[in-house]
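A.B. asks: What follows is a predicted protein model with its sequence.
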Amino acid sequence: MLSAFISSLRTVDLRRKILFTLGIVILYRVGAAIPSPGVNYPNIQQCIADVSGGESAQIYSLINLFSGGALLQLTVFAVGVMPYITASIIVQLLTVVIPRFEQLRKEGQAGQAKMTQYTRYLSIALAILQATSIVALAANGGLLQGCTLDIIEGQSEGLNIFTLVVIVLVMTAGAALVMWMGELVTERGIGNGMSLLIFAGIAARIPIEGQTILESRGGMVFALVCVAALVIIIGVVFVEQGQRRIPVQYAKRMVGRRMYGGTSTYLPLKVNQAGVIPVIFASSLIYIPHLISQLVASAGDGTNTNTSWWQTFIAENLTNPADPIYIAMYFGLIVFFTYFYVSISFNPDERADEMKKYGGFIPGIRPGKATADYLRFVLSRITLPGSIYLGVIAVLPNLFLEMGNTGSVQNLPFGGTAVLIMVGVGLDTIKQIESQLMQRNYEGFLK
């Protein structure tokens, strides 16, 4: 692996791509540390330290992790990559219900460019909505509950609407800049840009969280956490690489004077066919009820202290990640979105038609509808363990929340969703470097 890495650095164009990707990641981390104008940076750091174990810090811990800690600090990149990821998922889901999107998907590069344009517009709209919600919660004390300091300048004396508008605009512009940077990495660098930015944000939190565990729980607990993280990483790599290979045989056919076909290959169906998308979508959806409840409470005039039944249910069950109802709903959402995303991303009928068109067939299975039914059956069988695997890995930090007596999801960078994202992005990036090395007859990273 070390020799392959040295070979990649010796190749001029590949070295240029790697250095370009590292440069964009560094710029992203710098922007994640720059506070928005009008935000009292020392006070917000003090508030984060004081309420790190509170309900507000717990419910936003996963979203804050995706932004590399920028969300709770109200920095320029506080909104981060979540609007673009959410918009991409929504556009993919709309291809099932909107014929126009389905037609664009089949038009090739031109249609994909049009769908990317729609994704950008939707990302900006979601960024405005999310930035407004974050600023409104920060102004009303809902983002960091229990903090008595002024997070925004002049908060105790009466907020200036101009200051709030400026913060929202800066955060929205930051989200647009992050989207542009991610697309630049995808186009000119190595790997998927948005995934690498999330990877950088999570990796930046590991030393801080490791130091927190070491200082608060001692060396023994820190060592156990490291061992558990290593075991989880090995298990995640094993499952991520697991696949069901369906043999495919291509019949011989004559084209002019030449004979084509007659080869044997396989159709790989991964155990985790959906990747980390169900976890991201479930984590984005489960904190929305808490966000709506806080916005409704903040919009009140303060004279009515009665809360409705749904606000009481959310406050009792959906604000603490260690609550059994919270864990059950989170797990159920992940399983549901795994099946849903796999159903729209892998179409057995299209695969069967493509195989039939090029003379391919599965031994023992008739081409056409029988092949599609067989693929659908196999896909449903392997999606069940894949969805359970995603759900179990994602809720592991929640299950150990009370057992570890940490008061918050402090071990997120060492397990759960963070490991899924980091391992998945790492494997994908290594495979892309390996593919470019193989074009130059170099030995790759993966044996």
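C.D. replies: Ah, there it is.
A.B. asks: Check which residues of stretch 26-44 are buried.
C.D. replies: Neighbour-count burial for stretch 26-44 flags 28-29, 31-32, 35-36, 38-40, 43-44 (criterion: 16 or more other C-beta atoms under 10 Å). Glycine gets a C-beta too; all of them are placed from N, C-alpha and C.
A.B. asks: Figure out the length between the terminal residues of it.
C.D. replies: 23 Å (C-alpha to C-alpha, to the nearest Å).
A.B. asks: got a list of contacts for that stretch?
C.D. replies: For stretch 26-44, contacts defined as C-beta atoms under 8 Å, 6 or more residues apart in numbering pick out 67-70, 72-78, 80, 144, 149-153, 163-164, 166-167, 170-171, 174, 177-178, 181, 197, 200-201, 204.
A.B. asks: Filter those down to the ones in helices?
C.D. replies: Of the contacts of stretch 26-44, the ones assigned to helices by DSSP state H are 70, 72-73, 163-164, 166-167, 170-171, 174, 177-178, 181, 197, 200-201, 204.
A.B. asks: Please pick the buried ones from those residues.
C.D. replies: Applying 16+ other C-beta under 10 Å to these, the neighbour count classes 70, 72-73, 163-164, 167, 170-171, 174, 178, 181, 197, 200-201, 204 as buried.
A.B. asks: Tell me the buried residues in stretch 113-121?
C.D. replies: The neighbour-count criterion (16+ other C-beta under 10 Å) identifies 115, 118-120 as the buried residues of stretch 113-121.
A.B. asks: Looking at these, which one is closest to residue 109?
C.D. replies: Checking the buried residues of stretch 113-121 against residue 109 with C-beta to C-beta, the nearest one is residue 115 at 10.8 Å.
A.B. asks: pretty sure that closest one contacts residue 91?
C.D. replies: Yes - with contact defined as C-beta atoms under 8 Å, residue 115 reaches residue 91; the gap is 6.0 Å.
A.B. asks: between those two, what contacts are shared?
C.D. replies: Residues touching both residue 115 and residue 91 (C-beta under 8 Å, 6+ apart): residue 101.
A.B. asks: Which helix or strand lies directly C-terminal to whichever helix in the chain runs longest?
C.D. replies: Using DSSP H to define each element, the chain has its longest helix at helix 369-404. As assigned by DSSP states H and E, the chain's next helix or strand after helix 369-404 is helix 417-438.
A.B. asks: Just want the angle from that next one to helix 369-404.
C.D. replies: Orientation note: helix 417-438 sits at an angle of 130 degrees relative to helix 369-404 (axes from the mean of the first three to the mean of the last three C-alpha atoms, to 10 degrees).
A.B. asks: Going by contacts, tell me the helices and strands next to helix 417-438.
C.D. replies: helix 2-10, helix 12-31, helix 61-66, helix 193-217, helix 219-241, helix 277-286, helix 369-404 (3 or more C-beta pairs under 8 Å, 6 or more residues apart in numbering; DSSP states H and E).
A.B. asks: Would you mind listing the buried residues in it?
C.D. replies: Of the residues in helix 417-438, 417-430, 433-434, 436-437 count as buried by neighbour count, 16+ other C-beta under 10 Å.
A.B. asks: ditto for stretch 263-280
C.D. replies: 267, 269-280.
A.B. asks: same for the helix or strand containing residue 344, what does it pack against?
C.D. replies: Taking DSSP H and E as the definition, residue 344 sits inside helix 324-345. When contacts are defined as 3+ C-beta pairs under 8 Å, 6+ apart, helix 324-345 sits against helix 82-97, helix 277-286, helix 369-404.
A.B. asks: who's in contact with the shortest one?
C.D. replies: Think helix 277-286. Residues from elsewhere that reach helix 277-286 (C-beta under 8 Å, 6+ apart): 62-63, 66, 82, 85-86, 89, 318, 326, 329-330, 333-338, 340-341, 387, 390, 394, 417, 420.
A.B. asks: repeat that for 7 Å
C.D. replies: For helix 277-286, the external contacting residues (C-beta atoms under 7 Å, 6 or more residues apart in numbering) are 62, 82, 85-86, 89, 329-330, 333-334, 337-338, 341, 390, 394, 417, 420.
A.B. asks: So what's the residue count around residue 329?
C.D. replies: By other C-beta atoms under 10 Å, 17 other residues sit near residue 329.
A.B. asks: What subset of the contacts of helix 277-286 is buried?
C.D. replies: By 16+ other C-beta under 10 Å, the contacts of helix 277-286 give 62, 82, 85-86, 89, 329-330, 333-334, 337-338, 341, 390, 394, 417, 420 as buried.
A.B. asks: Need the max-distance pair from the residues you listed.
C.D. replies: Based on C-beta to C-beta, the longest span within the buried ones among the contacts of helix 277-286 runs between 85 and 329 and measures 20.7 Å.
A.B. asks: Centroid-nearest residue for the chain?
C.D. replies: Most central in the chain under C-alpha atoms, centre = their mean is residue 280, positioned 4.5 Å from the mean C-alpha point.
A.B. asks: how near is it to residue 417?
C.D. replies: When distance is defined by C-beta to C-beta, to the nearest Å, residue 280 is 8 Å away from residue 417.
A.B. asks: Could you do residue 102 as well?
C.D. replies: 31 Å.
A.B. asks: cool, residue 337 as well?
C.D. replies: Residue 337 is 13 Å from residue 417, where distance means C-beta to C-beta.
A.B. asks: Also residue 122?
C.D. replies: Per C-beta to C-beta, residue 122 is found 23 Å from residue 417.
A.B. asks: lowest average confidence, helix or strand, in the chain?
C.D. replies: When each helix and strand of the chain is scored by mean pLDDT, DSSP states H and E, helix 55-59 comes last, with a mean of 51.
A.B. asks: Which positions within stretch 343-362 qualify as buried?
C.D. replies: Buried-residue list, stretch 343-362, by 16+ other C-beta under 10 Å: 343, 346, 348, 351-352, 355-356, 360-362.
A.B. asks: List just the nearest of these to residue 237.
C.D. replies: Distance to residue 237 across the buried residues of stretch 343-362 (C-beta to C-beta) is lowest for residue 346, with 22.4 Å.
A.B. asks: from memory the closest one sits against residue 275, does it?
C.D. replies: No - using C-beta atoms under 7 Å, residue 346 is not in contact with residue 275; the gap is 11.9 Å.
A.B. asks: what angle do the helix or strand hosting residue 351 and helix 369-404 make?
C.D. replies: Per DSSP H and E: residue 351 is located in helix 348-357. Interaxial angle, helix 348-357 versus helix 369-404 (the same axes, to 10 degrees): 140 degrees.
A.B. asks: Only C-alpha atoms, please: export helix 348-357 in PDB.
C.D. replies: The C-alpha coordinates for helix 348-357 follow below in PDB (Å, rounded to 0.1, in the frame of the first residue of the first chain):
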ATOM      1  CA  PRO A 348     -34.500  -5.200 -11.800                       C
ATOM      2  CA  ASP A 349     -36.600  -4.700 -14.900                       C
ATOM      3  CA  GLU A 350     -34.000  -2.400 -16.500                       C
ATOM      4  CA  ARG A 351     -31.200  -4.800 -15.600                       C
ATOM      5  CA  ALA A 352     -33.100  -7.700 -17.100                       C
ATOM      6  CA  ASP A 353     -33.800  -5.800 -20.300                       C
ATOM      7  CA  GLU A 354     -30.200  -4.700 -20.600                       C
ATOM      8  CA  MET A 355     -29.000  -8.300 -20.200                       C
ATOM      9  CA  LYS A 356     -31.500  -9.600 -22.800                       C
ATOM     10  CA  LYS A 357     -30.600  -6.800 -25.200                       C
END
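A.B. asks: Lovely, talk soon.
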